[in-house]
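S.K.: Here is the input, now give the coordinates:
(5 chains, ligands or ions: 5)
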Amino acid sequence: MDWQAFFLTLRLAGLTTAILLVIAIPLSALLVLGRSRWLAVVEALAALPLVLPPTVLGFFLLVMLGPRTAFGRGIIAVLGHPLAFSFSGLVVGSVIYSLPFAVQPIVAGFSAVEPNLVDAARLLGAGPERLVRTLLVPLAKRSIIAAAVLTFLHTVGEFGVVLMLGGDIPGATRTLSIVLYNQVENFDYAAAYRTAALLLGLSVLALIAIYTTANPRGDFRRSRRA
Amino acid sequence: MDWQAFFLTLRLAGLTTAILLVIAIPLSALLVLGRSRWLAVVEALAALPLVLPPTVLGFFLLVMLGPRTAFGRGIIAVLGHPLAFSFSGLVVGSVIYSLPFAVQPIVAGFSAVEPNLVDAARLLGAGPERLVRTLLVPLAKRSIIAAAVLTFLHTVGEFGVVLMLGGDIPGATRTLSIVLYNQVENFDYAAAYRTAALLLGLSVLALIAIYTTANPRGDFRRSRRA
Amino acid sequence: QQIRIAAAADLEPVLPPIVEQFKQATGINAQVTYQASAALTTQIQNGAPFDLFLSANLDYPRKLIAAGLAEGLGDGTAGSPIVYAKGALVLWTRKDGSLTPSVELLRNRALKRLAIANPDRAPYGKAAIAALQKLGLYEALKPKFVIAENISQAAQFVDSGNADAGLISLTSAKTARLTADGRYFEIPADSYPPIEQGAVLVSRTQQRVAAKKFLVFLMSAPVQEQLRRYGLTPGRRVP
Amino acid sequence: MLEFALDARRGAFHLEISCRLTAEWTVIFGHSGAGKSTLLRLLAGLDRPDNGRIAFGGTILTDIAARLFMAPGRRGCAFVTQQPALFPHMNVRSNVVYGVRPRNNLREWMGRVDEALALVGASDLHDRYPRDLSGGEAQRVAVARAIAVRPKLLLLDEPFSALDGPAADALLDRLQVWLRNNGVQTVMATHEAADAFALGAEVALLQDGRLAALGPPQEVLAQERERITSRLSNRAVRLK
Amino acid sequence: MLEFALDARRGAFHLEISCRLTAEWTVIFGHSGAGKSTLLRLLAGLDRPDNGRIAFGGTILTDIAARLFMAPGRRGCAFVTQQPALFPHMNVRSNVVYGVRPRNNLREWMGRVDEALALVGASDLHDRYPRDLSGGEAQRVAVARAIAVRPKLLLLDEPFSALDGPAADALLDRLQVWLRNNGVQTVMATHEAADAFALGAEVALLQDGRLAALGPPQEVLAQERERITSRLSNRAVRLK
Ligand SMILES: Nc1ncnc2c1ncn2[C@@H]1O[C@H](COP(=O)(O)OP(=O)(O)OP(=O)(O)O)[C@@H](O)[C@H]1O
Ligand SMILES: Nc1ncnc2c1ncn2[C@@H]1O[C@H](COP(=O)(O)OP(=O)(O)OP(=O)(O)O)[C@@H](O)[C@H]1O
Ligand code: MOO
Ligand SMILES: [Mg+2]
Ligand SMILES: [Mg+2]
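M.R.: Ligands and ions are numbered 1, 2, ... in the order given. Next up is the predicted model:
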């Protein structure tokens, strides 16, 4: 087991998930609470990264973040190096690719919050920020967990973008998915099975822990009295 | 533009989405309405396909469905050919890979349905099947749309599983994502940009249509009176 | 009549005209799937419906032969793959950069990132490592590597400007796209073991005759001669 | 005949009641927090008691000791909860028809819906959605939905709290006739003692989770009567 | 002083009211469906009228012609809706404290919560979650949440429909004293005409979306009074 790659992957998935929640929660709130017709367009755009094969998306990012575009040159001027082939580059790529996994469930969750409660909070003087923090987020908890699980797991398994943008540099961009892919491609099936088993095992344990606490079954479904 | 690949992709994504909704809706209902503690384990397992890089998952499926396992030989005996390298094989692979995209949002959506309403339906004699059909599904409509959008788009962009399991056979397994990948690999950037632009354009239009009808903004958020 | 060919990705710029000529000559339609040789090998191991396999190296075909899944026809025996071409390794840079490809460039401090293909399986990656070791530059350059999945991706790393130079195949460097934007320097052929590309017949093919016809066509003098245009050296003559 | 012995704890609140209700119409009377809703939810099968049993017309609905628990929809029992839980995505007609069986006879269906809505005076609301109903309209539709299933046992939890006195009285009168004609036993929670008199119902007086008394209103509400009459007279005086 | 002229259509229902409310406490009286909730929602800023304006104490809250619309939270106005929309994921304390500002003084905070809960007689419910409250308890907490924000204008939509008469009367009395001391103008929708007399409030009589009358109960409810007293006497007689 390549522990360096393991922890790198954890770091990448964790950071991507955190960043995406920070982006997706306000964006989803805007999509749900806003009234402009243009929001349907924004919502559509937020789903787009999924349509392209990840390798192709990775290729476009490679070009876009590279020194041949003004945008890429700007980044290089700031960082001193191109984003590609660095951990930060992977984070950027993963965040873009996983955006729909975060936005879609959160928008659905926010939409399901009782409008009566939103009204009550507004009457009590809550502005949009407070509304989201104290009402939408806790009441859509289950959707936010879904978004986080999808984002995290997908980033762990993410491969195309990482392959394109990463350059397989140990300690910086060699994630577990690359290691696993290499093991398979190199016909080292025994190692591949070991890596996959470990990854699956750990994920199952983490997920069971999440789902046991997130849905205390029975209790969760208890209806309101009176 | 490779129209054969285009329609093949539509067919694959459409079929995968339809099958996944048929699987995910009852499964999610079981996860939400059931009381057994083991359901947390089922829920965890349903999220797992995401953890593996798609190519690696594709590889495992390839081996499992191929002539080297008893299971695969059984399938070959029935079908007369291996599942891999056929359209049906791609459907199987896509369904397995996209399972979490369907299950996660739908479970979250079902969880958010007012327990009072579920009680009311039960009192009126609704069994689980009717509960799901008449209450959970329409009330979690937004989550089901999210699940369908994620599944469909992800299957359109799906690449790793298709690459491994499909073998790029025109008319059977050559999807648009493979075409696009090959165009990029072959330095045919102009064609790649054209294909990508068309794909993105069509997707945006379809998504805007969905989101404009699914969330008649303003009206949707109207609170209940009295 | 139709045959299915599994071909290494680096043949994508090479094979289409040959397939066309083959169809003219024989009326047989050859339908080609391009992917990394390793992936194609895995697929053939698991029952992929191909008739011919044109790998970018000899290891994978040999592996299939050993497993009884493929037949070689090289040396007139069934035991070894036909070497249908040899590849050449080049150092490639963009024209608009300040760097000119040469052996000196490999010693230049301005070279920050060098793209190579995955040496574990891509033949050009293996060759790149061998060449650098021969030149005594391997240790110095190792931290500057960015490793691509295959040759074409290595070229993209450079072409997009993210890597300064790349050790790629002559076939890639000779594509219209890369000649327009870049320059290359051929790495001396004696500094790495020859990149021999092998072809095998997939054992379970139903199109044995047609597939063999294609092999014969591929090894015919005019076609072999034609390979040079695309950056490949002809393989050994058919016996 | 509804018979039960129940023991249920909810936090500090302890419900412990055992009784037999034989009257056509029983009014459960008690102050806010006395346990009226808790009791009705147990009877309807929405909650399980910690211990005890419930039997209705010879059938056992709940029996914790015997591990018996009949699902809410099977008890032949309809329940109008304190908050009218109308299905927000269905119009009034679809709400009312939801529990009607068999589901293959369209005329029977529509007939029942019309009858139920007419009874509660909501005939003109057919096509409305719940969010477009006033508080009192929603309550009436919830009652219509409950009686449309033709239950054997009807549980009502303050069903007319959003209606004014005269309207509620008129509705109760109509409802009583209909329920009698259809042989439905009714248990209604209320905090309006006057309802019990108006209905000539048996009264179960709840206090703090216990059954304080059971019998005709004249007996059970003897104390209560004093307070109510004096209050009513006071008000009547103030009104004059 | 609350002044408004409003015009709003909801399907076939048409609300068209123009009036000026100067009394400390105004009771909006009307049958189910008369438009009480619709009017209060417009005043609170939860809905927009098709046309019209609302002004309170010199400030314009809504003015459609001038494209002015003040957000609900800025109107200095608290609104207890007909269904107590308590936040289900917060306990009673957090619900009541939600609208209290400034948010930096913990003692002030807690003081206000305790005061509000004590006033509605719900001091022992601090740590409960809404789903563990009875119907009447939830209503009282909703009122506490509204007064804890110290509004200038308090809108109540049948806030005590789940309480029995004596409890509601006692609560109204306490509330009236507190609101007077705090200089709060109150508008309460109710279908209990007696409340208006008990409170000595001004009465706005709504009928079918129009203002039928405005004035002291003795005048406005002249007709109504007859019906009520006769009904009350009837009941009082039946009770005896
Ligand atoms: N989980 C709980 N923890 C603590 N107390 C609870 C819980 N659930 C219910 N209670 C209490 O049980 C008592 C009975 O509640 P119930 O809803 O049955 O009252 P009710 O008679 O219907 O009152 P109302 O007329 O106000 O609706 C209430 O005091 C309520 O606060
Ligand atoms: N969208 C709508 N379409 C048609 N009618 C509507 C709509 N919204 C409200 N109404 C009607 O407007 C009328 C006034 O409703 P409102 O809620 O104001 O009544 P209310 O006086 O509060 O009654 P209650 O005492 O029953 O709560 C009702 O008859 C209601 O059915
Ligand atoms: O053609 Mo390869 O096998 O990708 O180097
Ligand atoms: Mg109750
Ligand atoms: Mg109302």
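
S.K.: how about the strands in chain C?
M.R.: C:2-8, C:29-35, C:52-54, C:70-71, C:82-87, C:89-94, C:114-117, C:145-148, C:165-169, C:182-186, C:195-202, C:232-234 (DSSP state E).

S.K.: Spell out the secondary structure type for A:Ser36.
M.R.: Classification of A:Ser36 by DSSP: H, G, I helix; E, B strand; the rest coil places it in coil.

S.K.: A:Leu57 versus that one, what's the distance?
M.R.: 28 Å (Cβ to Cβ, to the nearest Å). Where C-beta positions appear, they are placed from N, C-alpha and C, glycine not excepted.

S.K.: same thing with C:Leu114?
M.R.: For C:Leu114 relative to A:Leu57 (Cβ to Cβ), the value is 25 Å.

S.K.: How about A:Thr212?
M.R.: Where A:Leu57 is concerned, A:Thr212 sits at a distance of 35 Å (Cβ to Cβ).

S.K.: likewise A:Asp2?
M.R.: When A:Asp2 is compared with A:Leu57 (using Cβ to Cβ), they lie 25 Å apart.

S.K.: Counting neighbours around each, name which of those two comes out higher.
M.R.: Neighbours were tallied for A:Asp2 and for A:Leu57 using other Cβ atoms under 10 Å in any protein chain shown; the higher tally belongs to A:Leu57 (24 against 19).

S.K.: I'd say A:Pro100 and A:Glu43 touch.
M.R.: No: judged on Cβ atoms under 8 Å, A:Pro100 makes no contact with A:Glu43 at a distance of 10.1 Å.

S.K.: State the number of residues packed around A:Pro26.
M.R.: 13.

S.K.: Please apply the same query to the one 5 residues further on.
M.R.: Applying other Cβ under 10 Å, we find 23 residues neighbouring A:Leu31.

S.K.: what's the helix or strand for it?
M.R.: Here A:Leu31 sits within helix A:3-33, counting by DSSP states H and E.

S.K.: tell me the average confidence for that helix?
M.R.: Averaged across helix A:3-33, pLDDT comes to 93.

S.K.: Sort out which residues of whichever helix or strand comes after it are buried, please.
M.R.: Sequence order places helix A:39-47 as the next helix or strand after helix A:3-33, per DSSP H and E. Neighbour counts over helix A:39-47 (16 or more other Cβ atoms under 10 Å in any protein chain shown) mark A:39-40, A:42-44, A:46-47 as buried.

S.K.: So which of those is the closest to ligand 5?
M.R.: A:Leu39 (32.1 Å; Cβ to the ion).

S.K.: isn't that closest one right next to A:Leu30, touching?
M.R.: Yes: between A:Leu39 and A:Leu30 there is a contact under Cβ under 8 Å: 7.1 Å.

S.K.: Roughly how far does A:Val204 sit from A:Thr9?
M.R.: Distance from A:Val204 to A:Thr9, by Cβ to Cβ: 16 Å.

S.K.: Going by how many neighbours each has, rank those two and give me the top one.
M.R.: A:Thr9 (25 against 16).

S.K.: burial count for the closest residue to ligand 4 within chain C?
M.R.: Nearest residue of chain C to ligand 4, counting by Cβ to the ion: C:Asn46, 65.4 Å away. The number of residues packed near C:Asn46 is 25, by other Cβ under 10 Å.

S.K.: Excluding chain neighbours, what is closest to it?
M.R.: Once flanking residues are discounted, C:Asn46 sits nearest to B:Gly66: 3.5 Å by Cβ to Cβ, 6 or more residues apart in numbering or on different chains.

S.K.: And the pLDDT for that neighbour?
M.R.: For B:Gly66, pLDDT reads 79.

S.K.: Could you do A:Asp119 as well?
M.R.: Reported pLDDT for A:Asp119: 93.

S.K.: What helix or strand is it located in?
M.R.: Per DSSP H and E: helix A:115-123 holds A:Asp119.

S.K.: How about that helix and ligand 2, touching?
M.R.: No: using Cβ under 6 Å from any ligand atom, helix A:115-123 stays clear of ligand 2, coming no nearer than 13.6 Å.

S.K.: which secondary structure elements does that helix contact?
M.R.: Using 3 or more Cβ pairs under 8 Å, 6 or more residues apart in numbering or on different chains; DSSP states H and E, the elements in contact with helix A:115-123 are helix A:128-131, strand E:77-80.

S.K.: Name the stretch among those that sits most buried.
M.R.: strand E:77-80 (a mean of 26; mean count of other Cβ atoms under 10 Å in any protein chain shown).

S.K.: Tell me how far it lies from the chain's centre.
M.R.: Between the centre of strand E:77-80 and the centre of its chain there are 7 Å (Cα atoms, centre = their mean, to the nearest Å).

S.K.: does any part of that strand sit near chain D?
M.R.: No: against chain D, strand E:77-80 shows no contacts by Cβ under 8 Å from any Cβ of the partner chain, the least distance being 12.6 Å.

S.K.: Parallel or antiparallel, which strands does that strand pair with?
M.R.: Strands that pair with strand E:77-80, judged by DSSP bridges, come out as strand E:153-157 (parallel).

S.K.: Convert the partner strand to PDB, retaining C-alpha atoms only.
M.R.: The C-alpha trace of strand E:153-157 is given here as PDB (Å, rounded to 0.1, in the frame of the first residue of the first chain):
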ATOM      1  CA  LEU E 153     -46.700  46.100  15.900                       C
ATOM      2  CA  LEU E 154     -47.900  42.600  16.800                       C
ATOM      3  CA  LEU E 155     -50.100  40.600  14.400                       C
ATOM      4  CA  LEU E 156     -51.800  37.500  15.800                       C
ATOM      5  CA  ASP E 157     -53.700  35.000  13.700                       C
END
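
S.K.: Name the residues of stretch C:1-11 that come out as buried.
M.R.: Quick answer for stretch C:1-11 (16+ other Cβ under 10 Å): C:3-11.

S.K.: Max pairwise distance over these: which two?
M.R.: C:Ile3 and C:Asp10 (20.4 Å; Cβ to Cβ).

S.K.: wait, what's in contact with the closest residue to C:Gly166 other than its chain neighbours?
M.R.: Nearest non-adjacent residue to C:Gly166, counting by Cβ to Cβ, 6+ apart: C:Ala115, 3.6 Å away. With contacts defined as Cβ atoms under 8 Å, 6 or more residues apart in numbering or on different chains, C:Ala115 is in contact with A:167, C:145-148, C:154-155, C:157-158, C:163, C:165-168.

S.K.: what comes up buried for stretch C:183-195?
M.R.: Quick answer for stretch C:183-195 (16+ other Cβ under 10 Å): C:183-185, C:187, C:192, C:195.

S.K.: Any idea what the residue most central in space within chain D is bridged to?
M.R.: Note on chain D: the residue nearest the mean C-alpha position is D:Leu156, at 1.0 Å, using Cα atoms, centre = their mean. Beta-bridge partners for D:Leu156, by DSSP bridges, are D:Val80, D:Met188.

S.K.: From what I see, it and D:Ala189 are in contact.
M.R.: Yes: counting by Cβ under 8 Å, D:Leu156 does reach D:Ala189; the two are 6.9 Å apart.

S.K.: Give me the subset of the buried residues of stretch C:183-195 that also touch chain A.
M.R.: Of the buried residues of stretch C:183-195, not one also sits near chain A (Cβ under 8 Å from any Cβ).

S.K.: Reformat the residues you listed as CSV; add distance to chain E.
M.R.: What follows is the buried residues of stretch C:183-195, written out as CSV (distance: Cβ to the nearest Cβ, whole Å):
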residue, distance to chain E
C:Arg183, 65
C:Tyr184, 65
C:Phe185, 67
C:Ile187, 66
C:Tyr192, 66
C:Ile195, 65
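
S.K.: So which residues of the chain form helices?
M.R.: You didn't say which chain, so I picked chain A. A:3-33, A:39-47, A:54-65, A:70-79, A:87-111, A:115-123, A:128-131, A:137-139, A:141-157, A:160-166, A:176-185, A:189-214 (DSSP state H).

S.K.: Please refer instead to chain D.
M.R.: Under DSSP H, chain D gives helices at D:36-44, D:92-97, D:106-119, D:135-148, D:165-181, D:193-199, D:217-220, D:222-239.

S.K.: Thank you, goodbye.
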